[in-house]
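[1] I'd like to go over a predicted model; first the sequence, then the structure.
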Amino acid sequence: MKNIVFLLLLSISSCFAVDNDAKYIKKQYFKSYDYEQMGKYSEAIKVLAPLYNKYPKGYTLNLRFGWLFYLNKNYNNAIKYYENASIINTYALDPKLGLIRIYLDTYSYTKAESISYQILKIDYYNYYANLYLIKSLIAQSKYDTAQKITVKMLNVYPTDVLYLEQLAIIYKYKKSPLLNQLYNDILILDPNNVYVRNKLN
């Protein structure tokens, strides 16, 4: 009987521990989000550090650290945590997209291109993988390939302004006679479009 009571008490106390732990984790994440909103990325990282020490193999934690270090422009650490997240969950696309953003920001366009193609083998119409691939191709002056992918995505998202902007960039480099009409089309969809307004002024 004593053993049964002891096991019951142990079970109840472990439930309280799990519940308290969950509350603490939630609290630290919310603090981190608040700091991120304020642009205090180092503080957002610091409040999650104790959690990371306890759960270094947590996928969400590694992904979050990758994002925060990216925002803080600490690209080496961002790469490390995104790669950790990719190892923890080999099927996840978010860490790979995070790596592409870093490689675009650091002018490592061939790396960005390579990872984009890896994602497209799994998810051919992935919105951001295609967008980032186009940007990496434009940066390498691979305009014909970039245009084919842009047209592919505009077949799916015909009024998507971000993709129309990419097409405008390609048309500009290729000196296409269709550029001005495309500018007008973008302004119909987005009258205050900053990219087109800057080009027309």
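    Looks like it arrived, so ask away.

[2] alpha carbons only for contacts and neighbour counts from here, please
    Fine.

[3] Not counting sequence-adjacent ones, nearest residue to Phe65?
    Tyr81 (6.1 Å; CA to CA, 6 or more residues apart in numbering).

[4] Which of the helices or strands spans the one you found?
    Element membership of Tyr81 [criterion: DSSP states H and E] is helix 75-88.

[5] What are the buried residues along that helix?
    Tyr75, Asn77, Ala78, Ile79, Lys80, Tyr81, Tyr82, Glu83, Asn84, Ala85, Ser86 (16 or more other CA atoms under 10 Å).

[6] quick one: the third one and Leu187, what's the gap?
    Spatial separation of Ala78 from Leu187 under the definition CA to CA, to the nearest Å is 36 Å.

[7] got it, and the second one?
    When distance is defined by CA to CA, Asn77 is 40 Å away from Leu187.

[8] what residue lies at the spatial centre of the chain?
    Gly98 (4.3 Å; CA atoms, centre = their mean).

[9] gap between the helix or strand harbouring that residue and the chain center?
    Applying DSSP H and E as the criterion places Gly98 in helix 94-105. Put simply, helix 94-105 sits 6 Å off its chain's centre (CA atoms, centre = their mean, to the nearest Å).

[10] what does that helix contact?
    Outside helix 94-105, the residues within contact range by CA atoms under 8 Å, 6 or more residues apart in numbering are 63, 66-67, 70, 75, 79, 82-83, 85-86, 109, 111-113, 115-116, 119, 128-129, 132, 135-136.

[11] Give me the contact list for the helix or strand just after it.
    Sequence order places helix 109-122 as the next helix or strand after helix 94-105, per DSSP H and E. If you take CA under 8 Å, 6+ apart as the criterion, helix 109-122 is touched by 93, 96-97, 99-101, 103-104, 126, 129-130, 132-133, 136-137, 139-140.

[12] buried residues in stretch 37-44?
    Within stretch 37-44, the residues that count as buried by 16+ other CA under 10 Å are Lys40, Tyr41, Glu43, Ala44.

[13] in what helix or strand does the last one lie?
    Translated: Ala44. helix 41-54.

[14] tell me what that helix is packed against?
    Counting contacts by 3 or more CA pairs under 8 Å, 6 or more residues apart in numbering; DSSP states H and E, helix 41-54 packs against helix 2-37, helix 59-71.
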